[in-house]
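Enquirer: coordinates for the following, if possible.
(4 chains)
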2 protein chains.
Amino acid sequence: MTDRDIPDIVVGRLPRYLQALEHLQLSGAQTTSSQELGEIVGVSAAQIRKDLSQYGEFGKQGKGYSVSYLVHQLQQILKVDRVWPMALVGAGNLGHAIANYPGFGQHGFRITLIFDNDPVHIGTRIGPLTVQDSARLVPVLREKKIKIAMLTVPVRAAQSVADQLVEAGVRAILNYASITLSVPDHVHVQYIDPIIYLQRMTYYLD
Amino acid sequence: MTDRDIPDIVVGRLPRYLQALEHLQLSGAQTTSSQELGEIVGVSAAQIRKDLSQYGEFGKQGKGYSVSYLVHQLQQILKVDRVWPMALVGAGNLGHAIANYPGFGQHGFRITLIFDNDPVHIGTRIGPLTVQDSARLVPVLREKKIKIAMLTVPVRAAQSVADQLVEAGVRAILNYASITLSVPDHVHVQYIDPIIYLQRMTYYLD
DNA sequence: ATGGATTAGTGTAAATAGTCACAAGGATGA
DNA sequence: TCATCCTTGTGACTATTTACACTAATCCAT
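Expert: Sure, this is the predicted structure:
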């Protein structure tokens, strides 16, 4: 079902479909169509149908898609039909904001560990968690079998922390530091850098 | 020079080249090559040469690129060779973290206005700025000719705030709310939603 | 029941993006 | 000076992605 040869660009759209479907669900919609969904996410109806057809037949001709069923299917495809424990490395300003953001838990992503290398932060509490010393990062992540980590450390520390995450068996890194990380092929990295996005938009301004 | 028919996907890579070049600059490098740059950002050397060739000839055969010259050129192309005043709408947790992040200023993006509609926040200070009532958003942004805004409001408010931003003449929105915004063609939107990125990675996990 | 309207899934064509390989320009060292 | 080594810029080619158009299934109003 989830063959590896489905292009990454298709995979990248699935979470946006899911997001829109969950909003539809909240607003009480029972069914939707590729047309409607496409208008919400700004993608052509044909594109959505083709993307979904990579994984099966989820709709009914003449009727559309059952919202709850499609939500369920997409959750399975994206493997978010379970709870993912995550580690957060970096307990600075951004780290705190992220640790306190309820959206992760609402979508099955649970921050279970927070690390920092600064003695000022180590031992302090953020919500229900205590900030641990980064020195113990590798053994702890290994033992807890953590597969996902978020990186909110300064640029100068990012690559070295990433190396440790890889060593600890982490397979997915959400990187907030403004640097391209070098990791093995089996590790996935996604970048969140507001500057990059802003520069991408100023290009089009006068 | 900056023709509109240069594909968006090319434009999207330019900020990453610039980021890498600025790091090279900090580490003291005088020149670089498409080869080296490609290794840093994880893109083929030919891709980089082709992307840059859309805008001119910036390198020297046999020698490579002058780092500082290419930085300068990319800054011009991306229009970040100036200071952009920005508005921040939403003074919650995330809004505070963003307002206090020094990276924006370091790259020529200056947050000059902060808005919120919650009386709890209105009037409070964040750094040198006072949080203003969202009710005054449109006239104030118009008067100050603000072209870029960052959105850190709850999902339920995001579209309505976006509509106001458009009305106020904003041309670029960096949206942190997990919803696809509907805006006119002349307004650019970039999305920062960690859940989307995480789901994109869990797909590839076991 | 029936005809018209709707909508999914899909094969094919078109458009877009990326890779490759090479000519040409410039640097370097004997 | 001249031969060799680098590295850019680019045209041709390949691969990928998107759009289009059509069939078949379903719904709904009459």
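
Enquirer: could you use CA atoms for every contact and neighbour count after this?
Expert: Will do.

Enquirer: wait, does the helix or strand hosting A:R200 make contact with DNA strand C?
Expert: Per DSSP states H and E, A:R200 falls inside helix A:194-202. No. On the criterion C-alpha under 7 Å from any atom of the strand, helix A:194-202 is out of touch with DNA strand C, staying 14.4 Å away.

Enquirer: buried sites along the longest helix along chain A?
Expert: With DSSP state H applied, the helix covering the greatest number of residues in chain A is identified as helix A:8-26. For helix A:8-26, a neighbour-count test (16 or more other C-alpha atoms under 10 Å in any protein chain shown) marks A:10-25 as buried.

Enquirer: what do you get for stretch A:34-43?
Expert: Along stretch A:34-43, the positions that meet the burial threshold by neighbour count (16+ other C-alpha under 10 Å) are A:S34, A:Q35, A:L37, A:G38, A:I40, A:V41, A:V43.

Enquirer: check whether that stretch contacts DNA strand C.
Expert: Yes. Using C-alpha under 7 Å from any atom of the strand, a contact is recorded between stretch A:34-43 and DNA strand C, made by A:S34, A:Q35.

Enquirer: contacts for that stretch?
Expert: Outside of stretch A:34-43, the residues that reach it under the criterion C-alpha atoms under 8 Å, 6 or more residues apart in numbering or on different chains are A:16-17, A:20-21, A:44-46, A:48-49, A:64-65, B:180, B:182.

Enquirer: which other helices and strands does the helix or strand of chain A with the lowest mean pLDDT contact?
Expert: Within chain A, confidence by mean pLDDT, DSSP states H and E is lowest for helix A:93-99 among all helices and strands, at a mean of 94. In terms of contact count using 3 or more C-alpha pairs under 8 Å, 6 or more residues apart in numbering or on different chains; DSSP states H and E, helix A:93-99 is assigned the packing partners strand A:84-89, helix B:93-99.

Enquirer: ok, which of those comes nearest B:H107?
Expert: Each of these was scored for nearness to B:H107 using C-alpha to C-alpha, and the closest is helix B:93-99 (14.0 Å).

Enquirer: residues contacting the residue in chain A sticking out farthest from the centre?
Expert: Going by C-alpha atoms, centre = their mean, the residue of chain A most distant from its centre is A:G62, 33.9 Å out. A:G62 makes contact with no residue under the criterion C-alpha under 8 Å, 6+ apart.

Enquirer: separation between A:I48 and DNA strand C?
Expert: 8 Å (C-alpha to the nearest atom of the strand, to the nearest Å).

Enquirer: what kind of secondary structure is that residue in?
Expert: Under the three-state scheme (DSSP: H, G, I helix; E, B strand; the rest coil), the conformation of A:I48 reads as helix.

Enquirer: that one - how many residues pack around it?
Expert: Residue crowding around A:I48 was assessed by other C-alpha atoms under 10 Å in any protein chain shown; the count is 20.

Enquirer: name the nearest residue to it, ignoring sequence neighbours.
Expert: On the basis of C-alpha to C-alpha, 6 or more residues apart in numbering or on different chains, the spatially nearest residue to A:I48 that is not a chain neighbour turns out to be A:S34, at 6.1 Å.

Enquirer: thinking again about what came up before, quick check: the residue farthest from the centre of chain A is in a helix.
Expert: No. Applying three-state DSSP, one finds A:G62 to be coil, outside a helix.

Enquirer: check the buried residues of helix A:8-26 against chain B, which are close?
Expert: Counting by C-alpha under 8 Å from any C-alpha of the partner chain, the subset of the buried residues of helix A:8-26 that neighbours chain B consists of A:V11, A:G12, A:L14, A:P15, A:R16, A:Q19, A:A20.

Enquirer: can you put these in TSV and add distance to DNA strand C and pLDDT?
Expert: Listed next are these as TSV, based on distance: C-alpha to the nearest atom of the strand, whole Å; pLDDT from 0 to 100:
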residue	distance to DNA strand C	pLDDT
A:V11	16	98
A:G12	14	98
A:L14	14	98
A:P15	17	98
A:R16	16	98
A:Q19	17	98
A:A20	14	98
